[in-house]
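S.K.: Kindly generate the corresponding structure for this input.
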Amino acid sequence: MRYPCGNRSEETNNYKPNTNEMFKIVEKRKLAENIYEMKIAAERVARAAQPGQFVIVRSGENSERIPLTIADYDTEAGTVTIVTQTIGMSTKKICALEEGDSLADFAGPLGRPSEFVHMPLEELRQRKYLFVAGGVGTAPVYPQVKWLKAHGVDCDVIIGAKTKDMLIYIDEMKKVGNVHIATDDGSEGYKGMVTGLMKELVEVEGRKYDECVCIGPMIMMKFVCLTTKPWELQTTVSLNALMVDGTGMCGACRVSVGGKTLFTCVDGPEFDGHQVDFDEAMRRQAMYKNQERTATENYEHKCNCYGK
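M.R.: Purely as a prediction, here's the structure:
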């Protein structure tokens, strides 16, 4: 049955925000259409967080576990920032919460931090980084660029989106990096894909980089890696979109890297992009599309069985 009204859980029918004070939403703002930023009171997570890591979030007691990459953290205020796009049922539940509401769970930080965090400072300051961010992937790029800026490293940052209205974190990123914007329709900055702007910087302007870090849609990361490979430019990608459980138990985020099977949540989420089998990763990402669509339809369906 498409809409199993009689079997739907109470949590789905009468969803109420969690009143737990531990993971309170202290600030919420809309960044773009269907994209929201939330600052969560999570002191212990904030103290331990590092760039590149993620958290596991549950909006309610019976809700799905959602892995979200950390977008920022403030050790003094004891807050961790997450950015969520309303795509399926679980993300819609999270984004429906308001300031003062609380999340049922906020576990982390999980995953391996970005490799540059452990690099000797003298070596790090001699490196030149190019960050390429696409859509919601701009949010997890921000703490990496911010961390590097705080440690004396200037970075070039390409931010891509379909249109000007879908760009996020522009003002924040300009404070910590040299920002270049690309939009598919040319409504802001360079007209075209981020790969075209990358070629402008490297092949036309002659800029040199030691590493490219790319976070965004899977297809974008694939073509960024195809672009950087002839340049022999080390390229790191984040495969956080594959994760489900976030602890290595479910196996849903298996990915082939250099011919080896790895788990995004425990071995990543960042990998050598030139070694990732993106075609396999994209097939895996689409495995649960039907279930996700059904769950969203059931969540949004309003039952009129009894004329109410």
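
S.K.: Can you show me the helices along this protein?
M.R.: In the chain, the helices defined using DSSP state H lie at 10-13, 43-48, 89-96, 121-124, 138-150, 170-174, 194-199, 218-228, 264-267, 278-285, 289-300.

S.K.: by contact count, what packs against the third one?
M.R.: This means helix 89-96. Applying 3 or more Cβ pairs under 8 Å, 6 or more residues apart in numbering; DSSP states H and E, one finds that helix 89-96 contacts strand 66-69, strand 79-85, helix 289-300. In this view, the C-beta of every residue, glycine as well, is placed from N, C-alpha and C.

S.K.: got any ranges where the stretch 1-150 of the chain has weak pLDDT?
M.R.: Low-confidence segments of the stretch 1-150 of the chain (pLDDT under 70): 1-21.

S.K.: ok, the residue nearest to residue 57 when sequence neighbours are not counted - how many residues close by?
M.R.: Once flanking residues are discounted, residue 57 sits nearest to residue 66: 4.9 Å by Cβ to Cβ, 6 or more residues apart in numbering. Neighbour count for residue 66, taken as other Cβ atoms under 10 Å: 23.

S.K.: Surely residue 241 is in contact with residue 218?
M.R.: Yes - here residue 241 reaches residue 218: they are 6.5 Å apart, a contact under Cβ atoms under 8 Å.

S.K.: pLDDT score for residue 197?
M.R.: pLDDT recorded at residue 197 is 96.

S.K.: Would you check that it makes contact with residue 156?
M.R.: No - Residue 197 is beyond contact range of residue 156, at 10.3 Å (criterion: Cβ under 8 Å).

S.K.: Find residues that contact each of the two.
M.R.: Residues touching both residue 197 and residue 156 (Cβ atoms under 8 Å, 6 or more residues apart in numbering) are residue 180.

S.K.: so what's the residue nearest to residue 166 when sequence neighbours are not counted up against?
M.R.: Nearest in space to residue 166, with sequence neighbours left out and distances taken as Cβ to Cβ, 6+ apart, is residue 32 at 5.2 Å. By Cβ under 8 Å, 6+ apart, the contact list for residue 32 reads 165, 166, 167, 168.

S.K.: Verify the stated contact: the second one with residue 31.
M.R.: No - in this structure, residue 166 is not within contact of residue 31 by Cβ under 8 Å, at 9.3 Å.

S.K.: For stretch 105-120, which residues meet the burial criterion?
M.R.: By 16 or more other Cβ atoms under 10 Å, the buried positions in stretch 105-120 come out as 105, 106, 107, 108, 109, 110, 111, 112, 113, 114, 116, 117.

S.K.: what's the closest non-adjacent residue to the second one?
M.R.: Distances taken as Cβ to Cβ, 6+ apart put residue 23 closest to residue 106, at 4.1 Å, once the chain neighbours are dropped.

S.K.: Equivalent analysis for the first one, please.
M.R.: Among residues not flanking residue 105 along the chain, residue 58 sits closest, at 4.0 Å (Cβ to Cβ, 6+ apart).

S.K.: wait, the one you found sits on residue 104?
M.R.: Yes - contact criterion Cβ under 8 Å: residue 58 and residue 104 qualify, at 4.5 Å.

S.K.: who's more crowded, the two?
M.R.: The neighbour count for residue 58 versus residue 104, taken as other Cβ under 10 Å, is higher for residue 58 (20 against 16).

S.K.: OK, contacts around the more buried one?
M.R.: Per Cβ under 8 Å, 6+ apart, neighbours of residue 58: 64, 65, 66, 103, 104, 105.

S.K.: do you know how far it is from residue 226?
M.R.: According to Cβ to Cβ, to the nearest Å, residue 58 stands 37 Å off from residue 226.

S.K.: Residue 148 too?
M.R.: Computed as Cβ to Cβ, the residue 148 to residue 226 distance reads 25 Å.

S.K.: These two: who's more crowded?
M.R.: Neighbour comparison, residue 148 and residue 226: the larger count goes to residue 148, with 24 against 14 (by other Cβ under 10 Å).

S.K.: what's the nearest residue to the more buried one if we skip its chain neighbours?
M.R.: residue 155 (5.6 Å).

S.K.: wait, the one you found sits on residue 132?
M.R.: No - counting by Cβ under 8 Å, residue 155 does not reach residue 132; the two are 10.9 Å apart.
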